[in-house]
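Novice: I'll drop the sequence and a predicted model, then ask my questions.
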Amino acid sequence: MKRKLRFGMIGGGQGAFIGGVHRIAAIMDGQAELVAGAFSSNAERAKASGRDLFVDPTRVYGSYAEMAEVEATKPAHERLDFVIIVTPNHQHFPPAKLFLEAGFNVVCDKPVTLDVKEARALKKIVARTGKVFALTHNYTGNVMVKQAQEFVRQGKLGTIRKVIVEYPQGWMSSAIEASGQKQADWRTDPKRSGAAGCMGDIGSHAENLARYITGLEIEELCADLTSFVPGRTLDDDGNVLLRFKGGAKGILHASQISIGDENDLNIRVYGDQASLEWHQEHPNELVLKFGDQPRQIWRRGNGYVTVPGQFTRVPFGHPEGYLEAFGNVYQEIFRAVRAEVANRKIPRNADYPTVDDGLAGMLFIDAVVKSAQKGARWVKVKTS
């Protein structure tokens, strides 16, 4: 297929942060173009956003339902190849279901749905329709995260004993939602965010990162959630003890009231032969540590890095990070979408998060909330 992929966007209009990130990532390699959208639940704002993005006014819609209905009637040479959903959590499942059943591939921001029930239903819909469904846990696209996964697969760490993954932020250390701050407003509302606040928003990233690198599944957990800011309904801080299948133990910490921290997602994985450490705020470096020799600092872009070269975009010494990781996820999604559009078999080795990762994340969030409600008691994490 010798053309750009055509995509539409649901949400992501004026005042939205993540919509712009997705648009940059999706067009980073020149493989796709934005041609339609329902950019806001407010029809006038949606139209204004369409004008800002130079989208054909006839393909700017006042609702995602209208968009699905009209776009499904387009001829093959105009038809959308996929849609991107970048709305608050409660508006993930309805448009995903609608567009999948209308014959469109779907890319969705995380977490996958509002609750476990929706995630289970969505998995069945994806299986039934045979369409591509991708979830944008973007940090898995980072080159050195992929290198960390490769170290684990190669057995360089030996048997994994302990995993410590943290995601501290400080931007919600006061009640900024009361001032109308858009991003904080929906994240603190159970009707739009779901049963968890901080743990659903960024704790889900931490869980996904740990699972991606180590390949380990959480068997049971013990969680303590807190809402430190007075009047806030959902958690803004959480601490979780983890027991992985196979015997490894772990600690997961997520916080949005850690004053002075910006976006410090980081992970340490300890094996019986070596350990590794990666920090999102220093994404180009991966530390490999030993007990009987000096630690090694592996840096992105050098010839000794074993991750396939297509994930490294510029030579060493030129920093890559958040946007490039997003772009790498989209690069792999496009492999699958192009195959589906061409009626070819979707490649099994395409390296992007799927609906299975989304369900695993929702089952993790569900277990965390249940454990906290029971006074930080150990609970099993379901697998389906």
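Specialist: Good, I have the coordinates. This one's a predicted model, so the numbers in the text were calculated from it and none came from an experiment.

Novice: quick check: closest non-adjacent residue to residue 338.
Specialist: residue 1 (5.7 Å; C-beta to C-beta, 6 or more residues apart in numbering). The way it works is simple: take the backbone N, C-alpha and C, and place the C-beta from them, glycine included.

Novice: I meant to write residue 251 there.
Specialist: Residue 251's closest residue in space is residue 164 (C-beta to C-beta, 6+ apart), at 4.9 Å.

Novice: again with residue 372
Specialist: residue 225 (4.0 Å).

Novice: try residue 331
Specialist: residue 29 (6.0 Å).

Novice: swap in residue 371?
Specialist: In space, and not counting its chain neighbours, residue 371 is closest to residue 223: 4.0 Å by C-beta to C-beta, 6+ apart.

Novice: where along the stretch 151-300 of the chain do the strands fall?
Specialist: 160-168, 218-226, 237-244, 249-255, 266-271, 275-279, 285-289, 296-299 (DSSP state E, counting those that start in this stretch).

Novice: actually the stretch 1-150 of the chain, sorry about that
Specialist: Using DSSP E, counting those that start in this stretch, strands in the stretch 1-150 of the chain cover 5-11, 32-38, 82-86, 105-108, 133-135.

Novice: among those, which comes closest to residue 178?
Specialist: strand 5-11 (23.3 Å; C-beta to C-beta).

Novice: state the mean pLDDT of that closest one.
Specialist: Mean per-residue pLDDT for strand 5-11: 98.

Novice: what inclination does that strand have with respect to strand 82-86?
Specialist: When axes from the mean of the first three to the mean of the last three C-alpha atoms, to 10 degrees is applied, the directions of strand 5-11 and strand 82-86 differ by 30 degrees.

Novice: same for strand 5-11, what does it pack against?
Specialist: helix 18-27, strand 32-38, helix 64-71, strand 82-86, helix 322-341 (3 or more C-beta pairs under 8 Å, 6 or more residues apart in numbering; DSSP states H and E).

Novice: can I get these in JSON lines with mean neighbour count?
Specialist: Listed next are the helices and strands packed on strand 5-11 as JSON lines, based on neighbours: other C-beta atoms under 10 Å:
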{"stretch": "helix 18-27", "mean neighbour count": "20"}
{"stretch": "strand 32-38", "mean neighbour count": "22"}
{"stretch": "helix 64-71", "mean neighbour count": "19"}
{"stretch": "strand 82-86", "mean neighbour count": "26"}
{"stretch": "helix 322-341", "mean neighbour count": "22"}
